[in-house]
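Novice: I need the structure of the sequence given here:
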Amino acid sequence: MSDPYETTEAHLDRLLGRALNSFDLPDRLVERLGTALAHSSSLYTTHHSPATGIWRETHRHTYLLTDGGSVSLWELAYRLEDDRTVRHEVFASKAETCLAVARLFGESAAGATPDPVLLPGDEEPENDAAVLSALFAATAPVQRHREYTVEQSADHARRVLRRAENADRPGEPVATLLRSAYAHQITQAFGARQCLSDGRDAGFSLYEHAFVLLDGTEVSLWEVEHTATPDGRHMCEVYESEGAARGAMELRARVR
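Specialist: Numbers count the residues shown, from 1 in each chain. This is a model prediction of the structure:
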């Protein structure tokens, strides 16, 4: 598991350091990656053949750059037959990764289950900039398990709203509504650190403050904590929706 607080610089160094073929990456690409502000990693394909012991995974690492664009690196992690050593290779495109799979495992890959096929609507975007918006975007909605704490929840809501510095923070109607909160739960929905172009580290975290009102209604506040400020100081922003909060994080990451 990756460390959600690992800097983008450290993540990139670790990725390139373990790759057997990192020296094959174009110099210009490596130079651009040196300006990365933030990153997102995801598992793209996985394959395991118990009969042969062959195992492989493909991961996509997407980086937000200071010029407003983004690029992806494709990492192939694998074990060969009867060998427990995990090897890593990294490529600039998915096509190069597919060629490496063919080189290492052949076309048939005996006993293998084919890597998953993209379904309609899941096709790869033509431009990595399309991936950038997903960096801070919410994942598919999930059913959250709530374990509320009954402890001065109305006062907690008041303090969350009071420390919000954004002009579009929830107004008096929301504050009035939350005065009847009697239980709450705090959940971290996002956490990462990024290295800004001027050499400073900027942290981004997103918290959901979920409240239960006296009538049984559930209401959430979404709090963004970050240090992407001109002087590097800590700043809190609060929004009524997760989408608005994640949009604000993406905007702050772009500003330099």
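
Novice: where does the spatially most central residue of the chain land in three-state SS?
Specialist: Nearest residue to the geometric centre of the chain (C-alpha atoms, centre = their mean): residue 40, 4.2 Å. Following DSSP: H, G, I helix; E, B strand; the rest coil, we place residue 40 in the strand state.

Novice: so how far is residue 56 from it?
Specialist: Using C-beta to C-beta, to the nearest Å, residue 40 is found at 21 Å from residue 56. C-betas here are computed from N, CA, C, even on glycine.

Novice: please apply the same query to residue 67.
Specialist: 33 Å.

Novice: of those two, who's got more company?
Specialist: residue 56 (23 against 10; other C-beta atoms under 10 Å).

Novice: what kind of secondary structure is that one in?
Specialist: strand.

Novice: so it makes contact with residue 80?
Specialist: No. Applying C-beta atoms under 8 Å, one finds residue 56 not in contact with residue 80, separated by 9.3 Å.

Novice: mutual contacts of these two, please.
Specialist: Common neighbours of residue 56 and residue 80, using C-beta atoms under 8 Å, 6 or more residues apart in numbering, are residue 104.

Novice: surely residue 156 is in a helix?
Specialist: Yes. Using three-state DSSP, the assignment for residue 156 is a helix.

Novice: wait, what's in contact with it?
Specialist: 181, 184, 209.

Novice: coming back round to it: surely the residue nearest to the centre of the chain meets residue 62?
Specialist: Yes. Taking contacts as C-beta under 8 Å, residue 40 lies within contact range of residue 62: 5.0 Å.

Novice: do a quick rundown of the helices in the stretch 101-250 of the chain.
Specialist: 129-135, 153-162, 172-177, 242-254 (DSSP state H, counting those that start in this stretch).

Novice: switch those helices over to TSV; also include mean pLDDT.
Specialist: What follows is the helices of the stretch 101-250 of the chain, written out as TSV (pLDDT from 0 to 100):
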stretch	mean pLDDT
helix 129-135	50
helix 153-162	94
helix 172-177	95
helix 242-254	84
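
Novice: now the ones you listed as JSON lines including distance to residue 213?
Specialist: As requested, those are exported to JSON lines (distance: least, C-beta to C-beta, whole Å):
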{"stretch": "helix 129-135", "distance to residue 213": "33"}
{"stretch": "helix 153-162", "distance to residue 213": "9"}
{"stretch": "helix 172-177", "distance to residue 213": "7"}
{"stretch": "helix 242-254", "distance to residue 213": "19"}
